[in-house]
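Colleague: sharing a model prediction with you, sequence too.
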Amino acid sequence: MLFGMPDSFMRSQAQALFNAELPASGKYAVANVFFPPGSDKDDKMIDCKAVMERLIKERALTTVGWRPVPVDNSMLGRDPLDSEPITEQIFVVDSKNLSGRAFEQELMRIRKMAEDEVAGMLGPESGFYINSLSGQHITYKGQLTPEQVSQYFLDLKDPTFVSHLALVHSRFSTNTFPSWERAQPTRMMCHNGEINTLTGNKNWMYSRGGIMESPIYGDETSHLLPATSDNMSDSGNFDSVLELLTKASNRSLPEAVMMMIPEAWQDNHNLSETKKAFYEYNSCVMEPWDGPAMVAFTDGRYIGATLDRNGLRPSRYYVTKDDHVILSSEIGVCPDLPDAEVKVKHRLEPGKMFLVDFETERVVPDDEIKEQVSSMHPYGEWVKKGMIDLEKWTQDAGINRQPMDFTQTNRKLNMFGFSSEKLEMLLLPMSVGGKEALGSMGNDAALAVLSEKPRQVNDYFKQLFAQVTNPPIDPIREEIVMSLVCPVGPEGNLLADPSEKHCERLVVRHPVLTLDEMETLKNHQSKRPDGTTGFQTAIVDITFPAGSGPDGMIQVGLVRSNARFKYHASLPSSHQSCIGTTGT
């Protein structure tokens, strides 16, 4: 469970244990820290504490002290008992009189650096884990059933433990092995569902690391990276990126959530042009983290939830007459709540956001918060000026392509690995009927990675668990919520303030390029509305003598790539593109 900081409880504990008077709420932080099992019997716990205390001192903050968290593990089973960490709380005071946001940013830096340093000492899965380090909220969690949480953590039974908000999660992380640190809520969110685009999301975040520079952290941005990890669940990775966007850039929590989980906007005629422009612009900045997922989130000021654009997870909310707000992914969570006490009862719709703002003390409507975020910059103007549509570019170029030479068709099909079976059973139905052929006999051919025969590149790519839906979901059947449109070309700095530079991308509407589009890319320069050159291309011949084997491929590839790189590097960095060609 994640709670807003229980101020009166923490004050009483600090007074009783350290004889210390805590400053105003928001000027101090308390974190629940997991230490490796048995680390109190050697120097591991001492070393971990020393790392945190040193980093806190280096940032000119003050460590008040450590408090062992009282627990009752009598109800735990064998597995959670064997891996049960030692939990202690650290009290940190803002000695620099920072703003609330700056204090949170310093705390994130300390937490990230501490976890990295301890991982270097003890290993990435040592059991050291900082549940939260914030002046706004604190997390109590573990490898526990919902009923065990309040039984295990004795703090939660104290009558002075009072908070204005709570995020509650009652399942272990999916698609990963359950552990104490992977339990939800994480630092800013919890969610029902799974992130099916996780592999792509992580790869993109790794690749962006080299050009990411925070306007807050500057040259020390590397202390926060990498933002994603194979040791975290899908929820943990989502949470880490969400925290990075909200604390290492100047984006608000609602804006970051809108970027990561956009609503369906391409073919949605009910959206305002302002919101469409915002989503189109941010499609050039970050790819969506697609579910199915219902995500609840908070940073202390806001608490809210959003449903991904497919809407395949339930979510309902109540607003009572005494201004309590209850949202859950299941119906009947509060069976004793009389209908007479309910002022508003509704469901969270696909792509919509439910948001409570504690600063203004109200529920903010979806349209209001999204219009407010979308109107902060001239996204529509930037999109129109910066993005280049390949389809329109091809039309404007007026390609006069030479007729196809079909005398070489069989030779080329054989060279690229197309069998008679693929032509007759897969490509022919697609050509005639405009849809993919369906079959139910299975495929007992060897996996491409294990096959002794040459295979097409696409044969090496297979769907992972939970990426297959029934019935099938694709951009044809579900065109209102799915699209194949993809911006390509160099990305900008993810953490920088929004600018027109971020959307100087080439928009490709389909993963299969037409011959006219390929001809346009190879032989024409694109022009922006202001007359400046958009993209220039370089062609790299990637063929090699078949008899030279792998060594020949590597040698020829290196020579040609180096030669082309000299030309490629001379182009403006935002206008570079490269095409690999194959031949006989």
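Modeller: Thanks, I have the structure now.

Colleague: give the contact list for the closest residue to residue 267 other than its chain neighbours.
Modeller: Closest residue to residue 267 apart from its sequence neighbours, by Cβ to Cβ, 6 or more residues apart in numbering: residue 480 at 5.3 Å. From N, CA and C alone the C-beta is placed, and that goes for glycine too. Residues in contact with residue 480 (Cβ atoms under 8 Å, 6 or more residues apart in numbering) are 264, 267-268.

Colleague: now do the contacts for the closest residue to residue 348 other than its chain neighbours.
Modeller: Excluding its sequence neighbours, the residue lying closest to residue 348 (Cβ to Cβ, 6+ apart) is residue 315, at 3.8 Å. With contact taken as Cβ under 8 Å, 6+ apart, residue 315 is in contact with 192, 294, 305, 307, 327-329, 347-348, 354.

Colleague: from residue 31, how far out is residue 315?
Modeller: 29 Å (Cβ to Cβ, to the nearest Å).

Colleague: same deal with residue 20?
Modeller: From residue 20 to residue 31 the distance is 16 Å (Cβ to Cβ).

Colleague: cool, and residue 552?
Modeller: From residue 552 over to residue 31 (counting by Cβ to Cβ), the distance is 57 Å.

Colleague: wait, doesn't residue 3 sit right on residue 166?
Modeller: Yes - between residue 3 and residue 166 there is a contact at 5.4 Å, judged by Cβ atoms under 8 Å.

Colleague: looking at these two, which is more packed in?
Modeller: residue 3 (23 against 13; other Cβ atoms under 10 Å).

Colleague: and the nearest residue to that one once chain neighbours are set aside, what pLDDT?
Modeller: Take residue 3 and drop its neighbours on the chain: the residue closest to it by Cβ to Cβ, 6+ apart is residue 163, 4.1 Å away. The per-residue pLDDT reported for residue 163 equals 96.

Colleague: so which helix or strand takes in residue 163?
Modeller: Using DSSP states H and E, residue 163 falls within no helix or strand.

Colleague: how about the contacts made by it?
Modeller: 3-6.

Colleague: any low-confidence regions in this structure?
Modeller: For the chain, the stretches flagged by pLDDT under 70 are 172-175, 440-441, 463-477, 557, 559-584.

Colleague: one more time with 50
Modeller: Applying pLDDT under 50 to the chain flags residues 567-584.

Colleague: in it, which residue is most central in space?
Modeller: For the chain, the residue nearest the mean C-alpha position is residue 238 (4.0 Å; Cα atoms, centre = their mean).

Colleague: quick check: phi and psi at that one.
Modeller: Note on residue 238: its backbone torsions stand at phi -60, psi -50 [degrees, to the nearest 10].

Colleague: wait, it sits on residue 194?
Modeller: No - with contact defined as Cβ under 8 Å, residue 238 does not reach residue 194; the gap is 10.2 Å.

Colleague: on that earlier part again, for residue 3, see how far away the residue nearest to residue 348 is.
Modeller: 21 Å.

Colleague: likewise for residue 487?
Modeller: From residue 487 across to residue 3, the span is 40 Å (Cβ to Cβ).

Colleague: again with residue 368
Modeller: From residue 368 to residue 3 the distance is 27 Å (Cβ to Cβ).

Colleague: returning to what we had before: so residue 552 and residue 31 - more neighbours on which side?
Modeller: residue 31 (20 against 13).

Colleague: that's a strand at the more buried one, yeah?
Modeller: Yes - counting by DSSP: H, G, I helix; E, B strand; the rest coil, residue 31 is located in a strand.

Colleague: what residues does it make contact with?
Modeller: Here residue 31 is in contact with 89-90, 92, 111, 130-134, 138 (Cβ under 8 Å, 6+ apart).

Colleague: and the end-to-end length of stretch 374-394?
Modeller: 31 Å (Cα to Cα, to the nearest Å).

Colleague: how far is that stretch from where the chain is centred?
Modeller: 24 Å (Cα atoms, centre = their mean, to the nearest Å).

Colleague: neighbouring contacts of that stretch?
Modeller: Residues contacting stretch 374-394 (Cβ under 8 Å, 6+ apart): 255, 272-275, 277-278, 280-281, 284, 487, 498-509, 513-514, 516-517, 520-521, 524, 526, 528-530, 534-535.

Colleague: let's see it at 6 Å
Modeller: Stretch 374-394 has contacts (Cβ atoms under 6 Å, 6 or more residues apart in numbering) with 274-275, 277-278, 280-281, 498, 500, 503-509, 516-517, 520, 526, 529, 534.

Colleague: quick one: which of those sit in strands?
Modeller: Those of the contacts of stretch 374-394 mapping onto strands are 506-508, per DSSP state E.

Colleague: and which of those is nearest to residue 319?
Modeller: The nearest member of these to residue 319, counting by Cβ to Cβ, is residue 507 at 41.1 Å.

Colleague: neighbours of the nearest residue to that closest one once chain neighbours are set aside, how many?
Modeller: Leaving aside its sequence neighbours, residue 507 sits nearest to residue 389 (Cβ to Cβ, 6+ apart; 4.8 Å). By the criterion of other Cβ under 10 Å, residue 389 has 15 neighbours.

Colleague: what about the closest residue to residue 288 other than its chain neighbours, which helix or strand?
Modeller: Excluding the flanking residues, the one nearest residue 288 by Cβ to Cβ, 6+ apart is residue 262, at 5.5 Å. Following DSSP H and E, one finds residue 262 outside all helices and strands.

Colleague: relative to residue 286, how far out is residue 262?
Modeller: Taking Cβ to Cβ, one finds residue 262 at 9 Å from residue 286.

Colleague: ok, the two, which is more surrounded?
Modeller: Shown here are residue 262 and residue 286; by other Cβ under 10 Å, residue 262 has more neighbours (24 against 20).

Colleague: so that one touches residue 279, yeah?
Modeller: Yes - with contact defined as Cβ atoms under 6 Å, residue 262 counts as touching residue 279 (4.9 Å).

Colleague: now the residue nearest to residue 348, what are its backbone angles?
Modeller: According to degrees, to the nearest 10, residue 315 has phi -160, psi 120.

Colleague: go on, the one 3 residues further on?
Modeller: Per-residue torsions, residue 318: phi -120, psi 140 (degrees, to the nearest 10).

Colleague: check residue 551 too.
Modeller: Per degrees, to the nearest 10, the backbone of residue 551 is at phi -60, psi -40.

Colleague: now do the same contact list for it.
Modeller: Taking Cβ under 6 Å, 6+ apart as the definition, residue 551 has no contacts.

Colleague: cool, residue 53 as well?
Modeller: residue 63 are the contacts of residue 53 under Cβ under 6 Å, 6+ apart.

Colleague: the strands in the stretch 401-550 of the chain, which residues?
Modeller: Assigned by DSSP state E, counting those that start in this stretch, the stretch 401-550 of the chain shows strands spanning 486-488, 506-508, 536-541.
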